[in-house]
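Enquirer: The following comprises the amino acid sequence and a computationally predicted model.
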Amino acid sequence: MKTTISLLFFALIASATFAQAKLSLKIIQNGAAVTPMNGEYELKKAPFAVEFTFDANAYDGVFVNADFIDNVYKIGDKAPLPDLQDIPFKIAKEDNFNPNKQIAVAGDSWAFWFYNKANNEWRFDRDIKTVDANTVTAIRTIEQVYFPVKEKIVKMSEVNEPMYLFFLVTNPYNQRGVVREQYRQRMKLNFK
C-alpha cells in the first residue's frame, strides 16, 4: 500500500513538474520585446529576432511554419492541426547557427529550430544564454526571408506584406512515436 501511494505521489509530482516546464516565445526588435496589439505585431521593415526560452530537458526545439499566406495561421489556437504526424517529415534544411540570419518561407514546409548542446548543433544564433540549470534562451535573428522553392532572398527592408508565423512544440524526438502537440503560438507580423 505504501509503495502504491509513493508511486502515485511521485507520478503527481513528475506530471506537475512537466506541466510547469518553462516555455516562451517573443519577438524582439531594436533590443526590446514587441508587444502584440489585437494579436498582431507591428514591426519596422528592419531585422528582428525570435527569442525562444525553454527547458532544454523537456523540449528539444520548436517547429516553425512561416508564410505570407495565412493557411496554417488561420487554423487557430484550438483546432487540430491537419497532418500533425507528418510535420516532422516536412522539415526544410537549414544551417547550423543561423549564419545567413534568415527565415525560410514555404507554405507547406516547416523549419525545426532545435538546440543540441551535446552535439554542438542548433538552428538558432550561435550564442545561447543559460537561464538556470535546465532553461536556455535561444535567439534566431531574421535579416532576410528565404524562399527555398525559388531559391530567392528578400531583405526585411523589402517586405511589404504581413508574415504569418505558427510555432509548434511537440513531445521530444526521443519520445516521439506518435507526435503529440504540447504548445502552439501564432503570430501575425505587420511591417511598416
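Expert: Happy to help now that I have it.

Enquirer: And the pLDDT at the residue nearest in space to the middle of the chain?
Expert: Centrality entry for the chain: nearest residue to the mean C-alpha point is Val62, 3.6 Å, by CA atoms, centre = their mean. With respect to pLDDT, Val62 has a value of 97.

Enquirer: so who does it touch?
Expert: Contacts for Val62 (CB atoms under 8 Å, 6 or more residues apart in numbering) come out as Leu25, Phe52, Phe54, Phe112, Trp113, Phe114, Phe167, Leu168, Val169. Heads up, the C-betas are built off the backbone N, CA and C, glycines and all.

Enquirer: In the chain, mark out all the strands, start to finish.
Expert: Ranges of strands in the chain, per DSSP state E, are 23-29, 32-33, 40-43, 48-55, 61-67, 102-104, 111-116, 121-122, 129-130, 135-142, 144-147, 152-155, 163-170, 181-191.

Enquirer: Looking at the first one now, give me its mean pLDDT.
Expert: What that stands for is strand 23-29. 97.

Enquirer: go on, the fourth one?
Expert: For strand 48-55, the per-residue pLDDT values average out at 97.

Enquirer: what's in contact with stretch 136-146?
Expert: By CB under 8 Å, 6+ apart, stretch 136-146 touches 28, 47-54, 56, 66, 98, 100-105, 113, 115, 122-125, 127-131, 152-156, 159, 163.

Enquirer: rerun at 6 Å
Expert: Defining contact as CB atoms under 6 Å, 6 or more residues apart in numbering, one finds that stretch 136-146 is touched by 47-53, 56, 98, 101-105, 113, 115, 124-125, 128-131, 153-155.

Enquirer: Report the buried residues of that stretch.
Expert: Residues of stretch 136-146 classed as buried: Val136, Thr137, Ala138, Ile139, Arg140, Thr141, Ile142, Glu143, Gln144, Val145, Tyr146 (neighbour count, 16 or more other CB atoms under 10 Å).

Enquirer: Could I have the CA atoms of stretch 164-172 written out in PDB?
Expert: C-alpha atoms of stretch 164-172 as PDB (Å, rounded to 0.1, in the frame of the first residue of the first chain):
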ATOM      1  CA  TYR A 164       2.300  34.600 -40.600                       C
ATOM      2  CA  LEU A 165       4.200  32.500 -38.100                       C
ATOM      3  CA  PHE A 166       3.000  29.400 -36.500                       C
ATOM      4  CA  PHE A 167       5.100  27.800 -33.700                       C
ATOM      5  CA  LEU A 168       4.500  24.200 -32.600                       C
ATOM      6  CA  VAL A 169       6.200  22.300 -29.800                       C
ATOM      7  CA  THR A 170       5.700  18.600 -29.700                       C
ATOM      8  CA  ASN A 171       6.900  15.700 -27.500                       C
ATOM      9  CA  PRO A 172      10.700  15.400 -27.800                       C
END
